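Enquirer: Got a predicted structure plus its sequence, pasted below:
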Amino acid sequence: MRKGILIFGISLLAVSIGLALFLRPPMTRKLLEFGLNQASRELFAGTLRLEKVEWRSGPGIDLKNLHGQLQMPSGPVPLEVRSVESRGSLLDFFSRSGLRLNFEGAHPLGSPREGLAGAVWIRGGRNGFFELRSEARSVDLEDLVWVNPENLKGSQGEIKGEIAIRQNATGDLRIRGKLRIAEPGGKLPARFFDLIKPYLPVAVTSAKIKTIQAAGGLVGFRVARLEMEMENPEVMKLFLQLAVPDYNLDLHLKMEIRFRG
């Protein structure tokens, strides 16, 4: 099912780009919106909107203020990308290396921070693929509360790092990332420790974590590091380092998250 949806979406995006080359700007914007929404309908449910499209020689294209509602179990999350520009010709969409799109200012709608920047490669056809390489230029834990609002509300801390995602036409998905929060660190809600409790040593669980949960509120940490790897669509491997000086905790945890098919 996922394979068919990906191929169908990429094919429609290719047709939209091709037709857009011959149309006036207002129709170009609408047609590109249609193609983008079809290619990403599982993630954004048709909510993507473009404010401005500019053509460059090559032919190339600049997209301004792309925004939409990312569909999450906790509810839709408004996201925006300040600018997207093609590198090379749009006809690279059909080439072996794919069409490269550079982007800047990817963040939750209304965030004052710059967010993510990076590049996306998209290739059409039966051997099509989608690849994302991004860098966290100015991201705060506060910007990621939507991932798990119940356990992350109130989080603070400046994040640096990289995330890479690749999916091919057969639906195979790979994710790799390294994120870090350097000193002076930040804050996490006491409820966050419920998420990692199953991976903690028994001695830690029975004493220090109970103390943290009893105190409630926000817990300060000095440094944090998260590494993630997903080579199998059913398993994501995580490594978490978290130093909490007030409770004399220096955690180094290996975790696996299993997804049901």
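Expert: Thanks, I have it.
Enquirer: make it CA atoms for all contacts and neighbour counts henceforth
Expert: Fine.
Enquirer: quick one: contacts for the nearest residue to residue 95 once chain neighbours are set aside?
Expert: Nearest residue to residue 95, sequence neighbours excluded (Cα to Cα, 6 or more residues apart in numbering): residue 123, at 7.0 Å. Contact partners of residue 123, counting by Cα atoms under 8 Å, 6 or more residues apart in numbering, are 10, 92-99, 129-130.
Enquirer: Just name the closest of those to residue 65, please.
Expert: Residue 65 lies nearest to residue 99 out of the contacts of residue 123, by Cα to Cα, at 19.8 Å.
Enquirer: what are the bridge partners for residue 254, then?
Expert: Taking DSSP bridges as the rule, residue 254 bridges to residue 239.
Enquirer: do you know how far residue 180 is from residue 112?
Expert: Distance, residue 180 to residue 112, using Cα to Cα, to the nearest Å: 20 Å.
Enquirer: And these two? Which one has more around it.
Expert: For residue 180 versus residue 112, neighbours defined as other Cα atoms under 10 Å are more numerous around residue 180 (21 against 11).
Enquirer: Touching, residue 209 and residue 193? I think so.
Expert: Yes: shown here, residue 209 and residue 193 form a contact pair, counting by Cα atoms under 8 Å, at 7.1 Å.
Enquirer: how deep is residue 209 tucked in, by neighbour count?
Expert: Using other Cα under 10 Å, residue 209 is surrounded by 19 other residues.
Enquirer: you'd agree it is in a helix?
Expert: Yes: Residue 209: assigned to a helix according to DSSP: H, G, I helix; E, B strand; the rest coil.
Enquirer: contacting residues for it?
Expert: Neighbouring residues of residue 209 by Cα under 8 Å, 6+ apart: 193, 197.
Enquirer: how about a cut-off of 6 Å?
Expert: By Cα atoms under 6 Å, 6 or more residues apart in numbering, no residues touch residue 209.
Enquirer: tell me the mean pLDDT for stretch 216-228?
Expert: Computed over stretch 216-228, the mean pLDDT rounds to 95.
Enquirer: now do the same end-to-end measure for it.
Expert: Counting by Cα to Cα, you get 28 Å between the two ends of stretch 216-228.
Enquirer: Kindly report the same for stretch 67-80.
Expert: End to end - Cα to Cα - stretch 67-80 spans 4 Å.
Enquirer: residue closest to the middle of the protein?
Expert: Nearest residue to the geometric centre of the chain (Cα atoms, centre = their mean): residue 163, 7.7 Å.
Enquirer: That residue is in what secondary structure piece?
Expert: According to DSSP states H and E, residue 163 maps onto strand 158-168.
Enquirer: Residue 186 - nearest residue in space that isn't next to it in sequence?
Expert: Closest residue to residue 186 apart from its sequence neighbours, by Cα to Cα, 6+ apart: residue 157 at 4.2 Å.
Enquirer: Run a quick neighbour tally on the one you found.
Expert: Counted with other Cα under 10 Å, residues neighbouring residue 157 total 24.
Enquirer: can you tell me which residues contact it?
Expert: Taking Cα under 6 Å, 6+ apart, we find residue 157 in contact with 140-141, 185-186.
Enquirer: where does the stretch 151-261 of the chain have low pLDDT?
Expert: Scanning the stretch 151-261 of the chain for pLDDT under 70 picks out 203-206, 260-261.
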